[in-house]
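Colleague: Need the 3D shape of this:
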Amino acid sequence: MLLCFTSTLASAASISWRALSPAQREALAPLDQQWDTLPEIQRSRLIETAKRYPRLTHEQKERFHNRLEKWSKLTPEQREAAREKYRAFNKVPAKEREQVKRMVREQEASKAAAASTVPPVSQTR
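Modeller: Numbering: from 1, shown residues only. A predicted model of the protein is given here:
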């Protein structure tokens, strides 16, 4: 059984961008330029993830694409740091995780509000 699953993943991972289905290309669009250079294990994981894409709402699809695009722009070192942060975060008890999430959302909202304020135009005569 494991051998069958492994060979399926390997064959799925060796698929070029052009060989992906239209639905898979839509889901993985942020990676179109770099798809053929990705490691096979990453391609197989992404293909598995793309299977859920059609069931997402419009907002969830946008969020997925935004996150995928941001992830694709990270260096390998930045990706590993993000993975470490994720693993550490998952070790925190659920109640505390919710507090951290709330705090991060508040910080992001205040940053967005600060960025959207337009500084006054100075008038010189």
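Colleague: for this structure, which helix is longest?
Modeller: Longest helix of the chain, by residue count under DSSP state H: helix 94-116.
Colleague: Any chance you could list what contacts that one?
Modeller: 89, 92 (CB atoms under 8 Å, 6 or more residues apart in numbering). All C-beta spots, glycine's among them, are computed from the backbone N, C-alpha and C.
Colleague: Residue 53: neighbouring residues, count only.
Modeller: Number of residues near residue 53 (other CB atoms under 10 Å) recorded here: 16.
Colleague: Domain-wise, how is this structure divided?
Modeller: 12-73, 75-106 (automatic domain parsing).
Colleague: so which strand or helix has residue 64?
Modeller: Residue 64 is part of helix 58-72 when elements are defined by DSSP states H and E.
Colleague: And the average pLDDT for that helix is what?
Modeller: Averaged across helix 58-72, the pLDDT comes to 94.
Colleague: coming back round to it: now the domains of the chain in a markdown table, with distance to residue 113?
Modeller: Below are the domains of the chain laid out as a markdown table (distance: least, CB to CB, whole Å):
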| stretch | distance to residue 113 |
| --- | --- |
| domain 12-73 | 20 |
| domain 75-106 | 11 |
